[in-house]
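# just a sequence and a predicted model for now, questions to come.
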Amino acid sequence: MFEKIVIFFMTGTGNSYKVAVWFSEVATALGLNTKKQQIKTEELHLEPDGKTLCVLTLPTHGFTAPWLLLKQIVSLPRGNGASGVVLPSRAGVRIKGVSLPGMEGTAGYLTAFLLFLKGYKIRGVMGVDMPSNWTALHWGLSKKNTQFIISAAEPKVKHFAKTILSGQVYFDGIVPLALGLWLAPISFMYLIMAQLILSKLFFASDKCVGCGLCANYCPKQAIIMTGKTRKRPYWTYSCDSCMACMNYCPYKAVEVSPIVAIIFYYLTTVPISTYLLSSIVTTPVAWLPINWDGIIQYIYILISVFLAYLLLHAALGWRLFSTILSKLSHTSYFRRYHAPDVNLKEFNKEKVDKYNF
Ligand SMILES: Cc1cc2nc3c(=O)[nH]c(=O)nc-3n(C[C@H](O)[C@H](O)[C@H](O)COP(=O)(O)O)c2cc1C
Ligand code: SF4
Ligand code: SF4
């Protein structure tokens with residue numbers, strides 16, 4: 001039925017890459033021509049036709065799909081009779097022997113809908129529980145729990161792949177979709193606001209040796225290495241919070257600071273933006289259906305956080321300050337996580353200039 005299997009994967013810590021590998025193993029075992037390509041900022045290569053199956057694997061962020069993936073789908077070529085399936089991975093956790101599923105919300109079906117609008121026939125959607133990688137919030141899962149979750153996910157993905165490749169369809173995740181639609185305002189706020197602020201909570205501690213690995217392998221090219229004598233990473237607003245830098249830094253130097261989060265909170269809510277801005281902002285054209293207060297507030301938040309982060313970055317050049325900030329950060333005591341046996345360089349190699357099927 002299919003002759004070309006093109007698997008696009010977006011990944012921060014290797015979970016969605018593993019899902020892509022499992023799908024590709026099934027397809028290759030069936031003798032199908034299969035290619036994988038990492039979703040980064042570069043253009044994706046695809047020449048779809050009626051014999052092409054386009055597989056998308058991605059992490060869930062804020063109960064929906066990450067910006068980078070949404071933007072890349074919009075720029076894919078028209079389906080031209082090709083089919084598509086979507087496999088969002090989500091935060092599976094296991095606490096004291098009890099497994100809890102993640103919640104992909106609209107991640108799978110929104111992606112599938114965009115593919116559909118591009119003219120692809122959607123043949124399947126399924127959320128996959130993989131170990132949660134949001135180590136800015138919690139400890140990285142233990143090896144035992146990681147193995148448990150992954151060994152449950154692999155047969156599920158392979159079964160999905162066999163079903164799809166045999167010509168059948170497979171749709172799962174209707175309950176998460178319903179919840180995702182209900183939580184859509186949160187997803188929207190996450191995409192336009194939270195994600196931007198999250199990037200400004202990252203900093204490199206005194207353990208950073210300036211190797212530049214985080215900047216070189218960031219899928220969004222969101223890190224700039226600054227400094228002449230001592231190079232240090234600076235996180236820009238392009239960051240998608242994929243967690244690759246934090247979890248793959250060989251020196252465990254990437255931290256997230258709750259103190260900075262509290263400063264941002266006061267800077268962007270009370271008292272400045274609430275009282276000062278509300279007194280100076282008046283709706284310039286009252287009859288236009290535009291929330292000027294909201295827009296000015298949004299711009300204020302972005303600019304004030306940007307400037308505060310610049311100051312923070314300058315202060316971090318002082319080793320004593322970065323040591324203290326690091327010691328006061330919960331993440332310096334947290335275990336890191338990435339998919340077992342998946343190293344950053346391995347999935348970054350999955351880059352194909354042109355497909356020769
Ligand atoms: C910023 C961020 C937001 C996340 N939001 C969700 C979420 O809303 N629901 C969920 O189930 N998992 C969520 N996760 C967990 C990841 O989707 C999950 O661990 C995924 O498997 C990571 O895949 P990757 O290693 O390919 O990036 C989030 C992770 C991060 C870093
Ligand atoms: S944060 Fe880590 S990966 Fe990035 S430059 Fe510093 S040591 Fe290297
Ligand atoms: S800066 Fe770090 S978390 Fe942000 S997109 Fe790049 S690698 Fe991912």
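Received the coordinates, thanks. In this text, all values refer to a predicted model and were calculated from it rather than measured experimentally. Ligands and ions are numbered 1, 2, ... in the order given.

# my guess is residue 160 contacts residue 126. True?
Yes - the pair residue 160 / residue 126 is scored as a contact, 5.2 Å apart, by C-beta atoms under 8 Å. Any C-beta I mention is one placed from the backbone N, CA and C, and that applies to glycine too.

# which neighbours do those two have in common?
Common contacts of residue 160 and residue 126 (C-beta atoms under 8 Å, 6 or more residues apart in numbering): 87, 170.

# name the element residue 21 belongs to?
helix 15-29 (DSSP states H and E).

# tally of neighbours for residue 319?
11 (other C-beta atoms under 10 Å).

# look up the closest residue to residue 157, ignoring the ones flanking it.
residue 22 (4.4 Å; C-beta to C-beta, 6 or more residues apart in numbering).

# so who does the one you found touch?
154, 157-158, 161.

# so which of those is the closest to ligand 1?
Taking C-beta to the nearest ligand atom as the measure, ligand 1 lies nearest residue 157 of these, at 12.1 Å.

# please report phi then psi for that closest one.
Backbone geometry at residue 157, expressed as degrees, to the nearest 10, gives phi -70, psi -40.

# what parts of the stretch 101-250 of the chain come near ligand 3?
199, 218-220, 222-223, 235, 239-245 (C-beta under 6 Å from any ligand atom).

# out of these, which touch ligand 1?
For ligand 1, the contacts drawn from those by C-beta under 6 Å from any ligand atom are 241-243.

# from those residues, list the buried ones, please.
Buried subset of these (neighbour count, 16 or more other C-beta atoms under 10 Å): 241-243.

# where do the helices sit along this protein?
15-29, 67-74, 107-117, 143-165, 174-182, 184-189, 195-199, 213-217, 244-248, 258-268, 278-280, 292-316, 319-327, 344-348 (DSSP state H).

# out of these, which gets nearest to residue 49?
Among the helices of the chain, the nearest to residue 49 by C-beta to C-beta is helix 107-117 (15.3 Å).

# which residues sit against the closest one?
Contacts for helix 107-117 (C-beta under 8 Å, 6+ apart): 54, 56, 58, 60-61, 63-65, 69-70, 73-74, 76, 79, 84, 86-88, 90, 122, 125-127, 173, 176-177, 180.

# neighbours around the residue lying closest to residue 156 once chain neighbours are set aside, how many?
Using C-beta to C-beta, 6+ apart and skipping residues adjacent in sequence, the residue nearest residue 156 is residue 128, 6.5 Å away. Neighbour count for residue 128, taken as other C-beta under 10 Å: 29.

# so which bits of the stretch 1-150 of the chain are right by ligand 1?
Counting by C-beta under 6 Å from any ligand atom, the stretch 1-150 of the chain sits next to ligand 1 at 11-16, 59-63, 89-91, 102-104, 130, 132-134.

# just the buried ones from those residues?
Neighbour counting with 16+ other C-beta under 10 Å marks 11-16, 59-63, 89-91, 102-104, 130, 132-134 as buried within those.

# quick one: which of the residues you listed sit in strands?
Among those, DSSP state E puts 59, 89-91, 130 in strands.

# can I get those in JSON lines with distance to residue 2?
Below are those laid out as JSON lines (distance: C-beta to C-beta, whole Å):
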{"residue": "59", "distance to residue 2": "25"}
{"residue": "89", "distance to residue 2": "23"}
{"residue": "90", "distance to residue 2": "26"}
{"residue": "91", "distance to residue 2": "31"}
{"residue": "130", "distance to residue 2": "25"}
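
# just put the contacts of residue 22 in CSV and tack on distance to ligand 2, neighbour count and pLDDT.
Formatted as CSV, the contacts of residue 22 follow (distance: C-beta to the nearest ligand atom, whole Å; neighbours: other C-beta atoms under 10 Å; pLDDT from 0 to 100):
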residue, distance to ligand 2, neighbour count, pLDDT
154, 29, 15, 98
157, 30, 23, 98
158, 34, 15, 98
161, 34, 27, 98
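
# burial check on the nearest residue to residue 30 once chain neighbours are set aside, number of neighbours?
Closest residue to residue 30 apart from its sequence neighbours, by C-beta to C-beta, 6+ apart: residue 165 at 5.9 Å. Residue 165 has 20 neighbours, counted by other C-beta under 10 Å.

# tell me how far the residue of the chain at minimum distance from ligand 1 lies from ligand 2.
Closest contact between the chain and ligand 1, by C-beta to the nearest ligand atom, is at residue 102 (2.6 Å). Plainly put, residue 102 is 27 Å away from ligand 2 if you go by C-beta to the nearest ligand atom, to the nearest Å.

# before we move on, what about residue 236?
Distance of residue 236 to ligand 2, computed by C-beta to the nearest ligand atom: 14 Å.
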